[in-house]
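*Asks:* The sequence isn't on hand, but the structure is:
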């Protein structure tokens, strides 16, 4: 009978279903229209909007459909009909799946296949995304629908959650947990699934609205609290769970370069806030690529008493005259052989204000990933035609629209394990022109699946010299896979954070 | 008994909606639960239908505790309520099409007959129907599957006399083998076909008996006294709702027995000029009891 009820719901609420599908189709059209190079940029904004609108309209549709046979009401017709509550619950869950899981799965699978993913990773990644949307949008909407009787009531609850979230942002100064962190993601999903299942059971079996509302409130508070748990907690869990994978021999050696200019340690010029330039000695295995995942900064007093510890990020933009040779987040053979390297890391303003001119010890713990080469292939990639690269993903080249001396290479890695690529252009004799250009995907992948390839544009962008004029580029592509995770701590003893903003040009 | 309630209590937070309610409805009877607004009639019916749970007490419908009623039981119970919220976006025809598969004994011929009788527009959305039309539709949806029990909660409220007559006739024409439980303010409308009455007042059942017994024991008594009427100091408990006009004193006798009336009057008033005993309609009986309850401060 649940199918009979579902047919009724679809007949009555088809405009909502049509709106949800239209938004999903729009999102897919935008992705395909942007292509792997994600242009024009304006479409990225439109894509983000259509994705958000899809989730909002799907959630709204579910609430409307659940409230069409309201559980909270004492007057509605279905209550006195021989309609099994389990059938009604099944119907509502099926509707929620129909407007969240099904369109996400079908359209994302299509995009994944068009982006060159193999069938299995595409199916698994799109199924994961569809499940994610069902749990993240469908289940909460079902829960809200079952504990409310009208649109304004549901809107009130959603608004209250929004206010709670804003309060969390204000209280933690925007310190939201990294939702890409799998233990955090798992905990959040568990809260949603357990609370959603409990509320649906309570409402459709016993119509126990008071208890259900209590469960909803507790789950909301838990989820918000989890989202605003200090970020360090999530990473510590991740480190703990990754301990088993930590490599014993590391392909990189990072150490404090005490021969460098120690006076660059402190607040430098930066667009968004103060940065520290950490002088580093770097020695990398030339056959490996190493990327920085996270950096934990610890400050201790001169006598070793801990003063501060927190996750910091790498500085992306920096004034070029401040220091030379600022290291990025990726190391390869080309990182060796420099006399002085500087790692630019963002320093929270309040931390700088608190510890400036204080003599102390700085520790930077780098959470690192290493990648080993899997295969090197020579490929001729025609401009403007996405091409599958076996064992890696899909790549496309084009002549840089601004500088015709450069060829852009965009790639989609297929899975979490194929995150890095090194590419170089070959001359007619088959020799590499210049050093290979290395790039690792910074887009977080989930559970080993490249879900970003379903909804994003290209992730790896490598700029290569254009040597043969227009036409087909003969390239060598070396693909890399994850070889291990490890940490390295660089200790800067006896340093003083200084204000360097007046010493530009050093 | 098709419905049996024993010491039902229902509380909504601190307020008590029903207290010690006991009644029973025999199969094949037409039982009317009457009472003022807020007396607890709708609450009683919602508990019977397993929409609300009793706080305490035992309530069984068709031999099953109301909390354990399943779709099998509900497929034998028709329900019409003035408060019933129908799916307004559905058309009349679509609504009946939707309901039909839930009932194994749905009689399409009966449905068509009733639709013709009520002249319901099949394509019109339910939200566009008048109140009367909506009640007619719920009645079709409550009778088309030939229920064993028909529960009517204030079905005639706010209807014009023509529609009311139409509905009553429809219900009666299908009353064979049907037990009807009705709550209504329209006492004149139901008086003709009710077999039993339960009088609910502020959550308590004041009395429950057959309409014949009630009609036999309740009379409006008018006593013409020798001088200007004044209620006596001692007043039998079975005499309620007193009133005076000149030298005529009236009251409702709730334990009337023709052969004892003269002696009862004489014992209270002594010599009187004239005594008149008039039968009362259900509405007047209800009003007299309600006023008496108000006067006793309940």
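*Replies:* Looks like it arrived, so ask away. Quick caveat, the model's predicted, so the values are computed rather than measured.
*Asks:* which residues are in contact with the helix or strand that contains residue A:222?
*Replies:* Assessed by DSSP states H and E, residue A:222 sits inside helix A:209-227. Outside of helix A:209-227, the residues within contact range by CB atoms under 8 Å, 6 or more residues apart in numbering or on different chains are A:71-72, A:143-144, A:146-147, A:157, A:161, A:164-165, A:168, A:176-177, A:179, A:184, A:187-188, A:191-192, A:194-195, A:198-199, A:202-203. Quick note: C-beta positions are derived from backbone N, CA and C, even for glycine.
*Asks:* Kindly recompute the last result at 6 Å.
*Replies:* Residues outside helix A:209-227 that contact it (CB atoms under 6 Å, 6 or more residues apart in numbering or on different chains): A:72, A:143, A:147, A:161, A:164, A:168, A:176-177, A:187-188, A:191, A:195, A:198-199, A:202-203.
*Asks:* now, which of the residues you listed lie within helices?
*Replies:* When DSSP state H defines the helices, the subset of the contacts of helix A:209-227 inside them is A:143, A:147, A:161, A:164, A:168, A:187-188, A:191, A:195, A:198-199.
*Asks:* ok, and for the helix holding residue A:222, which residues are buried?
*Replies:* Across helix A:209-227, burial judged by 16 or more other CB atoms under 10 Å in any protein chain shown covers A:209, A:212-213, A:215-216, A:219-220, A:222-223, A:226-227.
*Asks:* what do you get for stretch A:97-114?
*Replies:* Of all the residues in stretch A:97-114, those buried under the rule 16+ other CB under 10 Å are A:97-105, A:107-114.
*Asks:* Can you verify residue A:423 is assigned to a strand?
*Replies:* Yes - counting by DSSP: H, G, I helix; E, B strand; the rest coil, residue A:423 is found in a strand.
*Asks:* Looking at the stretch 151-300 of chain A, which residue is nearest chain B?
*Replies:* Of all residues in the stretch 151-300 of chain A, residue A:207 sits closest to chain B, at 8.6 Å by CB to the nearest CB.
*Asks:* Relative to residue B:53, how far out is that residue?
*Replies:* 9 Å (CB to CB, to the nearest Å).
*Asks:* Which parts of the stretch 201-350 of chain A are helices?
*Replies:* A:209-227, A:231-242, A:349-355 (DSSP state H, counting those that start in this stretch).
*Asks:* any idea which of those scores lowest on pLDDT?
*Replies:* Lowest mean pLDDT of the helices of the stretch 201-350 of chain A: helix A:231-242, a mean of 49.
*Asks:* give me the number of residues near the residue in the stretch 101-250 of chain B positioned nearest to chain A?
*Replies:* Across the stretch 101-250 of chain B, the shortest distance to chain A (CB to the nearest CB) belongs to residue B:102, at 5.0 Å. A total of 20 residues lie near residue B:102 under the criterion other CB atoms under 10 Å in any protein chain shown.
*Asks:* Equivalent analysis for residue B:217, please.
*Replies:* With other CB under 10 Å as criterion, residue B:217 counts 16.
*Asks:* measure it to residue B:280 for me?
*Replies:* 11 Å.
*Asks:* again with residue A:67
*Replies:* To residue B:280, residue A:67 is 48 Å away according to CB to CB.
*Asks:* So which residues make contact with the helix or strand bottoming out on mean pLDDT in chain B?
*Replies:* None of the helices or strands of chain B scores lower by mean pLDDT, DSSP states H and E than helix B:187-190, at a mean of 77. With CB under 6 Å, 6+ apart as the test, helix B:187-190 has contacts from B:32, B:156, B:164, B:184, B:282-283, B:286.
*Asks:* Also stretch B:95-105?
*Replies:* With contact meaning CB under 6 Å, 6+ apart, stretch B:95-105 is reached by A:4, A:8, A:81-82, B:75, B:106, B:141, B:145-146.
*Asks:* how long is that stretch end to end?
*Replies:* Using CA to CA, to the nearest Å, one end of stretch B:95-105 lies 17 Å from the other.
*Asks:* Let me see the mean pLDDT of that stretch.
*Replies:* Averaging pLDDT along stretch B:95-105 gives 93.
*Asks:* How about the residues of chain B by chain A?
*Replies:* Contact residues (CB under 6 Å from any CB of the partner chain) of chain B with chain A: B:49, B:51, B:71, B:74-75, B:79, B:83-86, B:89, B:98, B:101-102.
*Asks:* Between all of the residues you listed, which two are separated the most?
*Replies:* Using CB to CB, the pair of the residues of chain B next to chain A lying farthest apart is B:83 and B:101, separated by 25.6 Å.
*Asks:* residues in contact with residue 193?
*Replies:* Since you didn't name a chain, this refers to chain A. Here residue A:193 is in contact with residue A:135 (CB under 6 Å, 6+ apart).
*Asks:* Sorry, I should have been clearer: chain B.
*Replies:* Residue B:193 touches B:30, B:172, counting by CB under 6 Å, 6+ apart.
*Asks:* hmm, try it at 10 Å
*Replies:* Residue B:193 is in contact with B:30, B:32, B:168, B:171-172, B:175, B:180, B:182, B:211, counting by CB atoms under 10 Å, 6 or more residues apart in numbering or on different chains.
*Asks:* Mind checking which of the residues you listed land in strands?
*Replies:* Under the assignment DSSP state E, those contribute B:30, B:32, B:180, B:182 to strands.
*Asks:* out of these, what pair is the most spread apart?
*Replies:* The widest separation within the ones in strands among the contacts of residue B:193 (CB to CB) is 8.7 Å, between B:32 and B:180.
*Asks:* anything in contact with each of these two?
*Replies:* Here residue B:32 and residue B:180 have B:152, B:190, B:193-195 as joint contacts, going by CB under 10 Å, 6+ apart.
*Asks:* neighbours around the residue nearest to residue A:208 when sequence neighbours are not counted, how many?
*Replies:* Nearest non-adjacent residue to residue A:208, counting by CB to CB, 6 or more residues apart in numbering or on different chains: residue A:202, 4.7 Å away. Neighbourhood size, residue A:202 [other CB under 10 Å]: 21.
*Asks:* before we move on, what about residue B:84?
*Replies:* By other CB under 10 Å, the residues close to residue B:84 number 20.
*Asks:* before we move on, what about residue B:13?
*Replies:* Residues contacting residue B:13 under the criterion other CB under 10 Å number 5.
*Asks:* Against chain A, how distant is it?
*Replies:* 11 Å (CB to the nearest CB, to the nearest Å).
*Asks:* What are the neighbouring residues in contact with that residue?
*Replies:* Contact analysis of residue B:13 by CB under 10 Å, 6+ apart lists nothing.
*Asks:* Where does residue B:109 sit: helix, strand or coil?
*Replies:* At residue B:109 the chain is in helix, as set by three-state DSSP.
*Asks:* residue contacts, it?
*Replies:* Applying CB under 10 Å, 6+ apart to residue B:109 gives the contacts residue B:144.
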